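Asker: Kindly generate the corresponding structure for this input.
(one chain, ligands or ions: 1)
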Amino acid sequence: MAYSFSITRTTAPKQKPDPDKLLFGKTFTDHMFIMDYSDDKGWHDGRIVPYGPIALDPAAAVLHYGQEMFEGLKAYKAPDGRILLFRPDMNAKRTSKTNERMCIPQIDEELFIEAIKAVVRVDADWIPDKPGTSLYIRPFIFADEAFLGVHPAHHFKFVIILCPVGAYYGAGDCGLSTQRIFVEEEYVRAAPGGTGFAKVGGNYAGALKAQQKADEAGCAQVLWLDAVERKYVEEIGTSNAFFVIGDEIITAPLAGTILPGVTRDSVIALLKKWGLNIQERRLAIDDVIKAAQDGSLREVFATGTAAVISPVGELLYRNQAVTINGGQVGPLAQKLYDTLYGIQTGKVEDDMGWTVTV
Ligand SMILES: Cc1ncc(COP(=O)(O)O)c(C=O)c1O
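Answerer: Okay, the predicted model is just below:
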């Protein structure tokens, strides 16, 4: 099905930010996409309008009961001028799964992708092209029906906003650096039967307290343990976690409590293609610490849209610092970063068929 959306262009284009000083999530482009849902019309009136505030009734359900979801992906400018999205079909599929869990009306996956392409095209001149920069795309849906009472809403808005973002590590194309990570044993992120696999704001609001502890301990992110036994490693902040022990690479299985990351899926596919021993299985934090002590823990890294690959140089566990790979970026993390980031930006041949031209 072909979708078309009306476009109202801004009469007051904003000044573009200095590409050398881009921060994550601070600057937004000139336009946004909005679409409404009502029970009688379904999803309707998809439109691109100047970026700006959205009026909400103070009783809007999202403000009280948090019925909402969001996604995150990036557009890159390739050296030949093409605009590339990375596996947007995966974000569309994850949206469907999140919507199902959150009682949010489903959006046709093709519509989801076409809406992204349409708004990215309108603001194409906002995509930075310096090494390491990109246009971050944030689709989200929220219940804007005015009522107090806990039941699924009947009116929603689907919105897409865009922000040019800088090199995550602030060091250009392949300047990976390591992070210090806090192993959290008090608070949990998601329990079986909860919303861990869905991309919903509540998961992140509930994580802020642990992140505060990590900040105070001088760590960049939290390593979450499972909610039932506080024993098995799950995710690192807003990314999935991989552990290289001996010749095995281990990541937590998709059992409902972790987010099924697009980067995670891509990393697993690359590792399999390279013939490496990648296992999706539970891994106890005690086994990670033992492996660090006996020298078999070779690398730990996190994977996600924001940074692609984030190597971990140190784990802070029960006030003890556990150093990984001498605190240096490991060879596997570097190879994965070079390959994935290269494919995303059109600099490495995409033999996986992952990139989509806008
Ligand atoms: C909790 C969580 N885990 C993992 C990820 C990584 O997912 P992706 O690779 O799709 O960005 C994210 C980021 O969206 C996240 O918020």
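Asker: for Asp20, what are its contacts?
Answerer: Lys130, Gly166 (Cβ atoms under 8 Å, 6 or more residues apart in numbering). No exception for glycine: its C-beta is placed from N, CA and C like everyone else's.
Asker: Confirm that it sits in a helix.
Answerer: Yes - under DSSP: H, G, I helix; E, B strand; the rest coil, Asp20 falls within a helix.
Asker: Pull the contacting residues for whichever residue of the stretch 1-150 of the chain sits closest to the ligand.
Answerer: Using Cβ to the nearest ligand atom, the closest approach of the stretch 1-150 of the chain to the ligand is made by Gly72 at 5.1 Å. Contact analysis of Gly72 by Cβ under 8 Å, 6+ apart lists Asn91, Tyr136, Ile137, Arg138, Lys199, Thr305, Ala306.
Asker: do you know how far Ile249 is from the ligand?
Answerer: 16 Å (Cβ to the nearest ligand atom, to the nearest Å).
Asker: I figured that residue hits Leu276, correct?
Answerer: Yes - with contact defined as Cβ atoms under 8 Å, Ile249 reaches Leu276; the gap is 6.0 Å.
Asker: Surely Phe140 and Ile54 touch.
Answerer: No - with contacts defined as Cβ under 8 Å, Phe140 does not count as touching Ile54, sitting 11.0 Å away.
Asker: quick one: which of these two has more around it?
Answerer: Phe140 (19 against 11; other Cβ atoms under 10 Å).
Asker: Just to be sure, the more buried one is in a strand?
Answerer: Yes - applying three-state DSSP, one finds Phe140 inside a strand.
Asker: Pairing-wise in the sheet, spell out the partners of it.
Answerer: Phe70, Val159 (DSSP bridges).
Asker: again, but for Ile34
Answerer: Arg47, Val159.
Asker: sec struct for Leu315, please.
Answerer: Classified using three-state DSSP, Leu315 is strand.
Asker: count of residues packed around it?
Answerer: Neighbour tally, Leu315, other Cβ under 10 Å: 24.
Asker: So it versus the ligand, what's the distance?
Answerer: 18 Å.
Asker: Please look at that residue and Ile181 and confirm they touch.
Answerer: Yes - judged on Cβ under 8 Å, Leu315 makes contact with Ile181 at a distance of 5.4 Å.
Asker: Touching both of these two, which residues are there?
Answerer: With Cβ under 8 Å, 6+ apart, Leu315 and Ile181 have common neighbours Leu223, Val300.
Asker: what about Met35, distance to Leu315?
Answerer: 43 Å (Cβ to Cβ, to the nearest Å).
Asker: Then Gly330?
Answerer: Gly330 is 14 Å from Leu315, by Cβ to Cβ.
Asker: go on, Gly304?
Answerer: 18 Å.
Asker: The chain: helices as residue ranges?
Answerer: Along the chain, counting by DSSP state H, helices occupy 61-65, 88-102, 109-122, 201-205, 208-216, 262-273, 285-294, 331-344.
Asker: Look at Phe24 and report its pLDDT.
Answerer: With respect to pLDDT, Phe24 has a value of 85.
Asker: er, Ile285 I mean
Answerer: 98.
Asker: And for Lys130?
Answerer: Model confidence at Lys130 (pLDDT) stands at 86.
Asker: so what's it closest to, chain neighbours aside?
Answerer: Spatially, and ignoring its direct neighbours in sequence, Lys130 is nearest to Pro19 (4.7 Å; Cβ to Cβ, 6 or more residues apart in numbering).
Asker: pLDDT weak spots in the stretch 51-200 of the chain?
Answerer: 168-174 (pLDDT under 70).
Asker: need the residues of it near the ligand, please.
Answerer: Within the stretch 51-200 of the chain, the positions near the ligand by Cβ under 6 Å from any ligand atom are Gly72.
Asker: what residues go with each domain of the chain?
Answerer: 6-165, 179-347 (automatic domain parsing).
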